[in-house]
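Enquirer: Build me a model:
(one chain, ligands or ions: 2)
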Amino acid sequence: MQLYSEPFNLRPGMWYLPARADSLKLLPLIESVIEQAPLRHMEPMRGFVMSVAMTNCGDVGWVSDRRGYRYDPNDPLSGKPWPPIPPMLKKLALDAALEAGYPGFEPDVCLVNCYQAGAQMGAHQDVNEIDYDHPIVSVSLGIPARFFFLPGAQKKGKSQSLDLNDGDIVVFGGDARTCYHGVRKLKPATHLVTGNVRWNLTFRHAR
Ligand code: MD6
Ligand code: FE
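Expert: Ligands and ions are numbered 1, 2, ... in the order given. Sure thing, here's the model as predicted:
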């Protein structure tokens with residue numbers, strides 16, 4: 001495992017905080033969320049199923065279906081509210097935001113993404129939240145993934161990449177808050193704690 005190191009500024013507003021999260025401690029919390037709100041492959045369009053399995057915890061949850069993308073207070077699978085964000089997860093996100101220079105972050109949703117080998121996430125912006133003054137805190141656990149981002153809020157320019165490993169955190173705020181980003185197709189790998197999957201938790205202030 002990588003030793004503690006200083007925050008690395010990837011571009012204005014965007015910080016890489018290596019090896020800040022402990023998958024051994026966090027995985028049971030993720031499992032408890034999934035027991036209440038199971039992972040599912042969302043279907044943004046007829047005939048297109050996302051390769052990443054998702055669920056949420058928090059006051060609202062990010063959902064995608066043929067009606068579009070939105071934050072919903074209820075899990076459409078059960079019709080019930082999403083489970084709350086476990087306090088230890090919320091604290092991790094708050095501490096990371098603070099370390100990256102964003103005090104007072106108040107996440108009200110955590111989107112839980114689960115990747116298996118072959119899963120990927122195309123270039124997108126996270127723009128369904130009301131207030132871009134709050135950053136997004138992204139926590140990666142398990143097998144590595146190559147994360148890429150474009151310089152700005154347009155789908156153009158030279159992409160930069162970095163490998164996100166177990167425990168790594170990326171904070172998107174300020175000028176970087178609306179930049180395009182995504183995840184390349186995952187290669188098969190095994191991690192001692194998570195097995196053959198990668199987890200990514202993104203904490204947002206949606207409403
Ligand atoms: C992922 N992350 O790492 C996908 N979004 O699996 C994201 O889409 C993301 O890392 C907003 C801010 C940070 C992120
Ligand atoms: Fe994103």
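Enquirer: nearest spatial neighbour of Ser32, skipping sequence neighbours?
Expert: Pro86 (7.0 Å; Cβ to Cβ, 6 or more residues apart in numbering). For the C-beta atoms, the positions are set from N, CA and C on the backbone; glycine is no exception.
Enquirer: hang on, isn't the one you found packed against Glu31?
Expert: No. Using Cβ atoms under 8 Å, Pro86 makes no contact with Glu31, being 10.6 Å away.
Enquirer: So which of these two has more stuff around it?
Expert: Pro86 (17 against 9; other Cβ atoms under 10 Å).
Enquirer: Tell me where this protein has helices.
Expert: In the chain, the helices defined using DSSP state H lie at 23-36, 87-99.
Enquirer: what's the most buried one of those helices?
Expert: helix 87-99 (a mean of 18; mean count of other Cβ atoms under 10 Å).
Enquirer: how about the CA coordinates for it, as CSV?
Expert: C-alpha atoms of helix 87-99 as CSV (Å, rounded to 0.1, in the frame of the first residue of the first chain):
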residue,chain,number,x,y,z
PRO,A,87,-21.5,8.3,9.7
MET,A,88,-18.0,6.9,9.1
LEU,A,89,-18.4,7.4,5.4
LYS,A,90,-19.7,10.9,5.8
LYS,A,91,-16.8,11.8,8.0
LEU,A,92,-14.3,10.4,5.5
ALA,A,93,-15.8,12.6,2.8
LEU,A,94,-15.8,15.7,5.0
ASP,A,95,-12.2,15.2,6.0
ALA,A,96,-11.2,14.7,2.4
ALA,A,97,-13.0,17.9,1.3
LEU,A,98,-11.4,19.8,4.1
GLU,A,99,-8.0,18.6,3.2
